[in-house]
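A.B. asks: quick one, what's the 3D model for this:
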Amino acid sequence: MNPTYSSSQKAIHWSVFVLVIGLYGLTYVADIFPRGDPGRDLVWWFHISFGLVLFALVVVRVCLRLVWGAPELPMDASDPFMEMKQIERWAAKATHLLLYALLVTIPVLGVLLTWYRGDALSFFGLFTIPSPYPPDRATAGFIRELHSLCANLILIVAGLHAAAALLHHFVRKDDVLRQMLPEKMGLRK
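C.D. replies: Residues are numbered from 1 along each chain as shown. Down below sits the predicted model:
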């Protein structure tokens, strides 16, 4: 295993973070406009397009993780309080797996939602994929609820993920957070 993530893995990690926050924020920006307003349509167009970017980055990230792996979690520490217990290792792996699952599920649900609304899927106007399904309000409503639920859940899980990284950095004083930070961040031991 590598002692740190590659620069590509780090760049994708932080790009995904920014996209998740930005996409979540766009849903609130859309609410500023009344239904049928061109401004609202533009916001959703950006939301869908950036959602597709997110999905592509997640696919690349999963592939890189499969090829290059991830750094090992800290095994031992001079202070037994600082040592990562097996349950903590399991929780870290489960959290990562849940994050990846949500990062795949949310865009897939977004695509299905777009299509069941009867809309074509447009990627920044560069290409458009028409809906393969007839419009179905009931199915679209159900998918919308799932999409929203997963979007809220990813914020909670990502928050726990960030809290754990900060705990490692400031309390345990190990390299877990440094492994994902760009080299020039200045957070040295």
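A.B. asks: helix/strand/coil for Ser122?
C.D. replies: Following DSSP: H, G, I helix; E, B strand; the rest coil, we place Ser122 in the strand state.
A.B. asks: surely Thr128 is in a strand?
C.D. replies: Yes: with three-state DSSP as the criterion, Thr128 is part of a strand.
A.B. asks: neighbours around it, how many?
C.D. replies: Thr128 is flanked by 10 other residues according to other Cβ atoms under 10 Å. C-beta coordinates here come from the backbone N, C-alpha and C atoms, glycine included.
A.B. asks: Ile48 versus that one, what's the distance?
C.D. replies: Between Thr128 and Ile48 the distance, using Cβ to Cβ, to the nearest Å, works out to 11 Å.
A.B. asks: over to Leu181?
C.D. replies: Distance check for Leu181 against Ile48: by Cβ to Cβ, it reads 31 Å.
A.B. asks: who's more crowded, the two?
C.D. replies: Neighbours per residue, other Cβ under 10 Å: of Leu181 and Ile48, the larger number sits with Ile48, 22 against 18.
A.B. asks: buried ones in the helix or strand encompassing Lys93?
C.D. replies: For Lys93, the element it lies in under DSSP states H and E is helix 86-116. Buried residues in helix 86-116, counting neighbours by 16 or more other Cβ atoms under 10 Å, are found at 92, 98-99, 102-103, 105-107, 109-116.
A.B. asks: just give me the least confident of the residues you listed.
C.D. replies: pLDDT across these is lowest for Ala92, at 91.
A.B. asks: any regions of the protein where pLDDT drops low?
C.D. replies: Low-confidence regions of the chain, defined here as pLDDT under 70, cover residues 1-2, 75-83, 185-189.
A.B. asks: the helices in it, which residues?
C.D. replies: All helices of the chain, identified by DSSP state H, fall at 7-30, 38-68, 86-116, 137-167.
A.B. asks: figure out which of the ones you listed is closest to Phe124.
C.D. replies: Shortest distance between Phe124 and the helices of the chain, using Cβ to Cβ, is found for helix 38-68: 4.6 Å.
A.B. asks: what's near enough to touch Arg117?
C.D. replies: Shown in contact with Arg117 (Cβ atoms under 8 Å, 6 or more residues apart in numbering): 131, 135, 140.
A.B. asks: quick one, phi/psi of it?
C.D. replies: Main-chain dihedrals, Arg117, degrees, to the nearest 10: phi -80, psi -10.
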